[in-house]
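Trainee: Show me the folded form of this:
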Amino acid sequence: MGELLLCKSQIAEHPFYIESGACNVYSMEELCYFMEQYTYLLDNDFMSAALCNWIEQEQGLEALANKLRMIRTENGSLEDFVFAIEQEVSYASPQVLAEMKQEFLRFEEKPDLERKKLRIDQMVQKKKYCAAIEAYHQLLLSQEELDGILLGSIWHNLGTAYARMFLFQEASLCYRTAYEWNQKEISKKEYLLSVWCMQSEPRFKQATQAYCMSQEEENELLRQIAIVKQEDEILNFKQQLEALFQLKKQGRMQAFEQDYSEMIAKWKSEYRRICKK
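Mentor: Here you go, the predicted structure:
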């Protein structure tokens, strides 16, 4: 999972594969870590007989396994199932448990399709963009069951996932569709920004004219873009590029090639990470 976990329980000879997270867990602590970090991925499929059997056979926790089986038999909630495990292991802090409880409450109050959307939204927040894009498209297959506002929200967030992967053409199409459904200014604004990011001035001008934007409104949008371009993260990036090309200008090619290779490797690593499903 990318982090070092202190495990007091036994390490399983055979790991348990969590399908929703596409990962193996070898201990109860790893299982708890997954539930805490990826609460949004938990659904009723998580309450499986296979997990109960693994807890009994690989972890030697027969009493807990039987308790979980009872929750399943009596049609207990996912929250009851998860917290039975958490209480047995005592891995999470009270604050984390309280946050998990709030997360469950938030989901339980929503209709099924909206709960699915919220889970996918959290994938975007966790920078699981590829997985989120695939899940949003799957959710859009239920388009006939969605109202216009919710449908617009799905298209908007799908656009955000694409934009964060620098796929601005796909993002612009999503934001435009979102605005057609929800008529929200934020969707229109993000559509125009994604068109601007495609670095085609004629296309940007055409888009602003299609929405009958005045010159004053267009100037305000460009002013906001100028403000974003002055944010620390972007300025730092510019400074790194300037320093890199200064090395080349000075003829310090060995230093230039080393820094250049490190920068490219970092970009590739980050992009591969956000592309993981």
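
Trainee: Going by C-alpha atoms from here, please, whenever you check contacts or count neighbours.
Mentor: Noted.

Trainee: now the strands for this structure?
Mentor: In the chain, the segments counted as strands under DSSP state E are 16-18, 23-25.

Trainee: Of all those, which one is nearest Glu145?
Mentor: Glu145 lies closest to strand 16-18 among these, at 29.2 Å (CA to CA).

Trainee: Return the set of buried residues in the closest one.
Mentor: Buried residues in strand 16-18, counted by 16 or more other CA atoms under 10 Å: Phe16, Ile18.

Trainee: again, but for stretch 71-88
Mentor: For stretch 71-88, burial by neighbour count (16+ other CA under 10 Å) applies to Ile71, Arg72, Leu78, Glu79, Phe81, Val82, Phe83, Ala84, Ile85, Glu86.

Trainee: go on, stretch 212-228?
Mentor: Buried residues in stretch 212-228 (16+ other CA under 10 Å): Glu218.

Trainee: quick one: that stretch to chain centroid distance?
Mentor: Chain-centre distance of stretch 212-228: 29 Å, with CA atoms, centre = their mean, to the nearest Å.

Trainee: contacting residues around it?
Mentor: The contact list for stretch 212-228 (CA atoms under 8 Å, 6 or more residues apart in numbering) reads Leu193, Thr208.

Trainee: Stretch 135-149: which residues count as buried?
Mentor: Ala135, Tyr136, Leu139, Leu140, Leu146, Gly148.

Trainee: any idea how far that stretch is from the chain center?
Mentor: With CA atoms, centre = their mean, you get 18 Å for stretch 135-149.

Trainee: what's the span of it, first residue to last?
Mentor: 18 Å (CA to CA, to the nearest Å).

Trainee: follow-up on the earlier one: okay, among the buried residues of stretch 71-88, which ones form the most distant pair?
Mentor: Arg72 and Glu86 (16.5 Å).

Trainee: so of the buried residues of stretch 71-88, which ones are in helices?
Mentor: Those of those mapping onto helices are Ile71, Arg72, Leu78, Glu79, Phe81, Val82, Phe83, Ala84, Ile85, Glu86, per DSSP state H.

Trainee: can you tell me which residues contact the second one?
Mentor: In this case it means Arg72. Per CA under 8 Å, 6+ apart, neighbours of Arg72: Met47, Phe81.

Trainee: Run through the stretch 101-250 of the chain and note the low-pLDDT ranges.
Mentor: Within the stretch 101-250 of the chain, the stretches with pLDDT under 70 are 234.

Trainee: What segments of it are helices?
Mentor: 112-125, 129-139, 148-163, 168-182, 185-197, 201-210, 215-228, 232-249 (DSSP state H, counting those that start in this stretch).

Trainee: Which stretch among those approaches Arg273 most closely?
Mentor: helix 129-139 (9.4 Å).

Trainee: Reformat the helices of the stretch 101-250 of the chain as JSON lines; add distance to Tyr33.
Mentor: Putting the helices of the stretch 101-250 of the chain into JSON lines (distance: least, CA to CA, whole Å) gives the following:
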{"stretch": "helix 112-125", "distance to Tyr33": "17"}
{"stretch": "helix 129-139", "distance to Tyr33": "20"}
{"stretch": "helix 148-163", "distance to Tyr33": "25"}
{"stretch": "helix 168-182", "distance to Tyr33": "33"}
{"stretch": "helix 185-197", "distance to Tyr33": "35"}
{"stretch": "helix 201-210", "distance to Tyr33": "45"}
{"stretch": "helix 215-228", "distance to Tyr33": "36"}
{"stretch": "helix 232-249", "distance to Tyr33": "31"}
